[in-house]
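Engineer: quick one: sequence plus predicted model below, questions after.
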Number of protein chains: 2
Amino acid sequence: MIQPNMATMLVFITTDVAISAPMLRASLKQAVSATFNRLSVDHDTSTSDSIMVLASGAAGNRGITTRGKAFNAFTKALTEVCGELAYQVVKDGEGATKVFRVRISGAKSAKDADKVGYAITGSPLVKTAVHGGDPNWGRLAMAVGRSGAAVNPAKLTISIGGHTVFNRGVNADAPLDPLQAHMKGSEILFEIDLGLGRHAAEWLGCDLSREYITINADYMT
Amino acid sequence: MIQPNMATMLVFITTDVAISAPMLRASLKQAVSATFNRLSVDHDTSTSDSIMVLASGAAGNRGITTRGKAFNAFTKALTEVCGELAYQVVKDGEGATKVFRVRISGAKSAKDADKVGYAITGSPLVKTAVHGGDPNWGRLAMAVGRSGAAVNPAKLTISIGGHTVFNRGVNADAPLDPLQAHMKGSEILFEIDLGLGRHAAEWLGCDLSREYITINADYMT
C-alpha cells in the first residue's frame, strides 16, 4: 500500500471555482482515472483510499454547469493537481527509491492500454530490474505478453529512456551505456508501442526493494 | 519466475499406460488446470514454460479411449504427480522460505474461486506477512476484496491454520498464540469461504523475501 505503513490515502482538494456538483463530480472522475487510478505501489489496496474535491464558488466565475471550454480548462487543471499528487504517492511508496513512468501507445482499446500499464507496474521482475538499474527489456516484453491485452510481438516496440531497445519484434541492439546511465537515474521512462491501434495511457510505478520487505514483513499486527 | 534465475519450467512426465492421444491431452489439461495453473511464485511468467506427457502403452491395459472410470483414475494419478511437482516449484521459488496453501470455497463461480486464489498468491502484502509470520487476516480480506470476484463481507469467513479469524463479516477474536505458532511454520494454510456458492479451488503461493530482491535486482543482463 501507500507509505506510511498501513496507510490510507486521503486526498482533499479545494478550489474557489463556481461549478455545479454534477460537473465537479464528472471532472474529478476524469482527473482521477488518468492519475490516481493509473499508479501502483504494489497493486495492493486500502479499503479507505478516498479523494474529495470541494468548490466554494468564491472565484465568481460564471458557474460551470455543462461540459465545454470552461469545464475542459478546469478538468485539465484538476488533472495536473491529481497527477502531481499521484506522482508523490508513488515516489513515497514503501521502500521506493525510483519512480518509473510507462507510456503505452498503439493499443487496440483503452482497456488494453491500461492492462499493459497495470501488468508492467505490478510485475515484481520489472520492479526489481528497475531497483537494480538493469535495462532488461525482456521483462517488459514478458509483462506486456501476460497483460491480457491484444499483443502481436512483430508489431511491438519498446523504448527505455528514449532509446529503442526492441523494434517491431526485433532486438534493436541498442548501445548499453546510455541505457544503463538512464536506468541509474531516479526517474525511469518505459515506452511501449503495441502498434495495433490508437489508444494510449500513462502509468506510474516504483521499484521493489529490500526495504519494502522490511516495512511489510518485520512487524506484527 | 521460477527458480533458478531466469528459469523456464520444463516438465516431462512419462507413463506406461495405454491411452489415446486425445484422452491423454484431456487428462493433462485437467491435471494442469488444478495444479500448475494454480500456483504463483511472483505472477510473472516465462515464455517457454512447458509440460509434456508421454504414454508408451507398455502397461498392456485396455486402452483408454473415452472418458469414464479408467480415464478418471488415470487423471487422478496424473493430477497427484502434477500437484507434487507444482508444490516443489513453489517451494523452490526465488527466495522462498515458506509455502502457503489457499483453499477457496463458497465461490459463486469457478472463475471467482480462481480470482481469489490468484489475488492472494500474488499480493505482496500477503506474501510479506507470510514471510514475517504475521497472522494478518486484514491483508487476506484486502486481497479477496480486490480480486474482482463477487464478495459479500457479511458472508466471508477466513481461517488461518484451521483457526477461524474472521467469521461472516465479524472479527472472530481468535487467540493469537496458536495463530502465531502456525505462521512460524514453513507450511501455511489459509481458508477463504466466500459463502456465496458451491465453487472451490486450491492455490499455492510462497513468501516474498529480501532474497527475492537480491536474486532479481542484483545482476545485469
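Structural biologist: Good, I have the coordinates.
Engineer: A:Tyr118 against A:Val102, yeah?
Structural biologist: No. Using C-beta atoms under 8 Å, A:Tyr118 makes no contact with A:Val102, being 9.5 Å away. No exception for glycine: its C-beta is placed from N, CA and C like everyone else's.
Engineer: between those two, which contacts overlap?
Structural biologist: Common neighbours of A:Tyr118 and A:Val102, using C-beta atoms under 8 Å, 6 or more residues apart in numbering or on different chains, are A:Trp203.
Engineer: more neighbours, these two?
Structural biologist: Under the criterion of other C-beta atoms under 10 Å in any protein chain shown, the comparison of A:Tyr118 against A:Val102 puts A:Val102 first, with 26 against 22.
Engineer: and that one, what does it touch?
Structural biologist: Applying C-beta under 8 Å, 6+ apart, we find A:Val102 in contact with A:116-117, A:120-121, A:190-192, A:202-205.
Engineer: ditto for A:Thr66
Structural biologist: A:Thr66 is in contact with A:Met23, counting by C-beta under 8 Å, 6+ apart.
Engineer: element containing it, please.
Structural biologist: For A:Thr66, there is no helix or strand it lies in under DSSP states H and E.
Engineer: A:Leu54 too?
Structural biologist: strand A:50-55.
Engineer: what of A:Thr75?
Structural biologist: helix A:69-91.
Engineer: most distant residue from the middle of chain A?
Structural biologist: Farthest-out residue of chain A from its mean C-alpha position, per C-alpha atoms, centre = their mean: A:Gly60, at 34.6 Å.
Engineer: what is the burial count for A:Leu10?
Structural biologist: A:Leu10: 11 neighbours (other C-beta under 10 Å).
Engineer: wait, it touches A:Ser50, no?
Structural biologist: Yes. A:Leu10 lies in contact with A:Ser50 (C-beta under 8 Å); the separation is 5.4 Å.
Engineer: narrow the contacts of A:Val102 to those in strands?
Structural biologist: Counting by DSSP state E, the contacts of A:Val102 place A:190-192, A:202-205 in strands.
Engineer: quick one: the strands in chain A, in order.
Structural biologist: Using DSSP E, strands in chain A cover A:10-15, A:39-40, A:50-55, A:99-107, A:157-160, A:163-167, A:170-171, A:187-193, A:199-206.
Engineer: with mean pLDDT as extra columns, can I get the ones you listed in JSON lines?
Structural biologist: JSON lines is the format used below for the strands of chain A (pLDDT from 0 to 100):
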{"stretch": "strand A:10-15", "mean pLDDT": "94"}
{"stretch": "strand A:39-40", "mean pLDDT": "92"}
{"stretch": "strand A:50-55", "mean pLDDT": "94"}
{"stretch": "strand A:99-107", "mean pLDDT": "98"}
{"stretch": "strand A:157-160", "mean pLDDT": "98"}
{"stretch": "strand A:163-167", "mean pLDDT": "98"}
{"stretch": "strand A:170-171", "mean pLDDT": "96"}
{"stretch": "strand A:187-193", "mean pLDDT": "98"}
{"stretch": "strand A:199-206", "mean pLDDT": "97"}
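Engineer: now those strands as TSV including distance to B:Gly148?
Structural biologist: Converted to TSV, the strands of chain A look like this (distance: least, C-beta to C-beta, whole Å):
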stretch	distance to B:Gly148
strand A:10-15	24
strand A:39-40	16
strand A:50-55	21
strand A:99-107	21
strand A:157-160	28
strand A:163-167	31
strand A:170-171	35
strand A:187-193	24
strand A:199-206	19
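Engineer: tell me how far the strand holding A:Leu54 is from the chain's mean position?
Structural biologist: Distance, stretch centre to chain centre, for strand A:50-55: 21 Å (C-alpha atoms, centre = their mean, to the nearest Å).
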